[in-house]
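Chemist: turn this into a structure:
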Amino acid sequence: MFEWIADPAAWAALITLTAMEIVLGIDNVVFIAVLVSRLPAAQRERARRIGLSLALIFRIALLTILAWLIGLTEPVITILGKALSWRDIILAAGGLFLIYKAVHEIHDEIEQNGTSGGSEGLVGASFSFIIFQIIIIDLVFSIDSIVTAIGMAEDIEIMVLAVIIAVAIMYAASGPVSRFIADHPTTKMLALAFLLLIGVALVADGAGFHIPRGYIYFAMAFAAGVEMINVVVHNKRRRRAALQENGLPDRPA
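Modeler: Here you go, the predicted model:
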């Protein structure tokens, strides 16, 4: 069962697969971070924990039915001369859901209709609905992640271990990401733009037009870097203004 431990090629496959799972998990982390930011502070950690736990469960469950997953890549329907598989249909549907969700959230932010609390009944319903949305997108990202991983490793143990490591890193990163988005409202709009971009990429993949993820993640990293600079500059200006209001020097003499 663990013969692969002594095989250097298996370790190389584990490292490569783990790195790929982490990269593919970025989309999952951003989506969960945006959704939980709409919950009261007391509910966010619980929702984040549930979302990432479901991501792990879905991925491991899908690994146990690899034969079925491989069958998802077989064409099942032809539309306008284009043969589509169940994987294509699932990715396109998930992409459309992401586009709808991102556009809806952007509109809500612009119109200032977002709420962060309310009565217990409303909070409970909101929490349940957010978990439901996380389940949907977890399933879409899990299928994309595992189907992409098939062929990179021969042993199921390597795949399961790579998924566990990747989700553990996702869990560690999701907390700071969620808190940063909650503390800096402007970054939420950037995160929503990321989700819109990812949704378009998923729809394109489902339609057979693959957009290399490297381009998308580079654009996301560049935009995030610019936003980090804006946040630092804004904080410095706010701190300087506070010092001036109190009659204190900007820098110690």
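Chemist: hey, where'd the helices end up in the stretch 151-253 of the chain?
Modeler: Under the criterion DSSP state H, counting those that start in this stretch, the stretch 151-253 of the chain contains helices at 156-183, 185-206, 213-245.
Chemist: figure out which of the ones you listed is closest to Val34.
Modeler: helix 185-206 (5.1 Å; CB to CB). All C-beta atoms are positioned from the backbone trio N, CA, C, and that covers glycine.
Chemist: relative to helix 213-245, how tilted is the closest one?
Modeler: Counting by axes from the mean of the first three to the mean of the last three CA atoms, to 10 degrees, helix 185-206 lies at 170 degrees to helix 213-245.
Chemist: give me the distance from helix 185-206 to the chain's centre.
Modeler: 10 Å (CA atoms, centre = their mean, to the nearest Å).
Chemist: dump stretch 233-243 to PDB, restricted to CA.
Modeler: C-alpha atoms of stretch 233-243 as PDB (Å, rounded to 0.1, in the frame of the first residue of the first chain):
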ATOM      1  CA  VAL A 233      -0.700  54.200   1.100                       C
ATOM      2  CA  HIS A 234      -4.300  54.700   2.400                       C
ATOM      3  CA  ASN A 235      -3.300  53.600   5.900                       C
ATOM      4  CA  LYS A 236      -0.300  55.900   5.900                       C
ATOM      5  CA  ARG A 237      -2.300  58.900   4.800                       C
ATOM      6  CA  ARG A 238      -5.000  58.100   7.400                       C
ATOM      7  CA  ARG A 239      -2.400  57.800  10.200                       C
ATOM      8  CA  ARG A 240      -0.700  61.000   9.100                       C
ATOM      9  CA  ALA A 241      -4.000  62.800   9.100                       C
ATOM     10  CA  ALA A 242      -4.800  61.500  12.600                       C
ATOM     11  CA  LEU A 243      -1.400  62.700  13.900                       C
END
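Chemist: avg pLDDT for that stretch?
Modeler: Averaged over stretch 233-243, pLDDT sits at 80.
Chemist: tell me how far it is from the chain's mean position?
Modeler: Centroid separation for stretch 233-243 versus its chain: 32 Å, with CA atoms, centre = their mean.
Chemist: so who does the residue most central in space within the chain touch?
Modeler: By CA atoms, centre = their mean, the chain has its centre lying nearest to Asn28, at 1.9 Å. Shown in contact with Asn28 (CB atoms under 8 Å, 6 or more residues apart in numbering): 52, 55, 137-138, 141, 170.
Chemist: most surrounded residue in these?
Modeler: Ala55 (28 neighbours; other CB atoms under 10 Å).
Chemist: what helix or strand does that one sit in?
Modeler: Per DSSP states H and E: Ala55 is located in helix 41-63.
Chemist: using the three-state scheme, assign Val76.
Modeler: Here Val76 is recorded as strand under DSSP: H, G, I helix; E, B strand; the rest coil.
Chemist: got the contact list for it?
Modeler: Each residue near Val76 by CB under 8 Å, 6+ apart is listed here: 84-86, 89.
Chemist: what's the answer for Gly94, then?
Modeler: Gly94 makes contacts with 136-137, 140-141, 144, 199, 202, as judged by CB under 8 Å, 6+ apart.
Chemist: buried residues in the host helix or strand of Trp11?
Modeler: Using DSSP H and E, Trp11 falls within helix 8-36. Going by neighbour count (16 or more other CB atoms under 10 Å), the buried part of helix 8-36 is 10, 13-14, 17-18, 20-22, 24-36.
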